[in-house]
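Q: Could you look at this predicted model? Sequence included:
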Amino acid sequence: MIIVRSLSKTFPPDHRVLQRISFQADEGDLIALLGASGSGKTTFFRCLMLKEKWDEGQYIYDGKDITGLNAWEKFQLRKQWVYLEEKPGLNEKKSAVKNVLSALLFKKSWWRFLTNTVSEDDHMEAMDYLDRVGLLDKAHEPVEKLSGGEKQRVAICKALIKGARVIFADEPVSGLDPEAASRVLEDLRTICRKNKILVFCSLHQVELAEKFATRIWGLSGGKLVVDIAGRRLTQREKDLIFK
Ligand SMILES: Nc1ncnc2c1ncn2[C@@H]1O[C@H](COP(=O)(O)OP(=O)(O)OP(=O)(O)O)[C@@H](O)[C@H]1O
């Protein structure tokens, strides 16, 4: 699904954050990206979302070379990509289901857009996604009343209804207790498999990566120093990433 060859990124004047990174990633993968603070995880995601200019490298997406797209083509492509942050950008006053449906704003027909109404099908789809992440009973609660983990799961539903094909989850479970963090990652893993979505997820907790990821990458010194199938990391691998 994604093939990257020799991605490098430098911030002026000469801070080289990513150095000739190459990889292939496929739909259905949940890739946990581990790295010390400042190792370049967010920059890496921003480069893959074409929000940062690359110094060099080739980017193949769905078999098509997208290295040199113009602004309009990038805009079109980004509709398939969703960025999930530590603090999900939800409207706290609106209900969970309304937040999920807000992802359809630009997909609605013009008259639904003007009258701010949703079709029965869209409503059912939003409820279905909330059901999948165990939030059906909270669908009509204002988001401000939900816990951090529940908010993150609403954000996942938003990504799904938008039709995301790639999710970049940037430390989505920072600040959550272990149980809530596990639930969010479990949901990400399930949707990744069922909906054939590719999920990149940066994490600080090695144990969560070991438990939920199908692949674990370690970023250090601007390079992917570890690329393994999801399993327990050896001490040597941990040292390589966090040295
Ligand atoms: N726009 C920018 N201009 C200059 N330097 C930047 C910019 N964005 C990031 N950097 C630098 O690039 C390096 C990597 O930052 P990045 O935020 O990608 O790391 P990270 O691994 O996500 O960190 P954390 O785990 O703390 O969130 C840091 O040294 C940071 O200061």
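A: Perfect, I can see it now. Residues are numbered from 1 along each chain as shown.

Q: Backbone dihedrals for the residue positioned nearest the centre of the chain, please?
A: Of all residues in the chain, the one closest to the mean position by Cα atoms, centre = their mean is residue 168, 2.2 Å from it. Torsion angles at residue 168 (phi, psi; degrees, to the nearest 10) stand at phi -110, psi 100.

Q: what's the answer for residue 162, then?
A: According to degrees, to the nearest 10, residue 162 has phi -70, psi -10.

Q: Let me know the distance separating the closest residue to the residue nearest to the centre of the chain other than its chain neighbours from residue 214.
A: Spatial nearest neighbour of residue 168, excluding adjacent residues (Cβ to Cβ, 6 or more residues apart in numbering): residue 45 at 4.4 Å. Backbone N, C-alpha and C define where each C-beta goes, glycine included. Separation of residue 45 from residue 214 (Cβ to Cβ, to the nearest Å): 18 Å.

Q: Those two: which is more packed in?
A: Neighbours per residue (other Cβ atoms under 10 Å) separate residue 45 from residue 214, with residue 45 holding more: 20 against 16.

Q: Contact partners for that one?
A: 33, 83, 168, 170, 200, 202 (Cβ atoms under 8 Å, 6 or more residues apart in numbering).

Q: among those residues, which two are most distant?
A: Farthest pair in the contacts of residue 45 (Cβ to Cβ) is 33 and 83. Separation: 13.6 Å.

Q: which of those two has more neighbours?
A: residue 33 (27 against 20).
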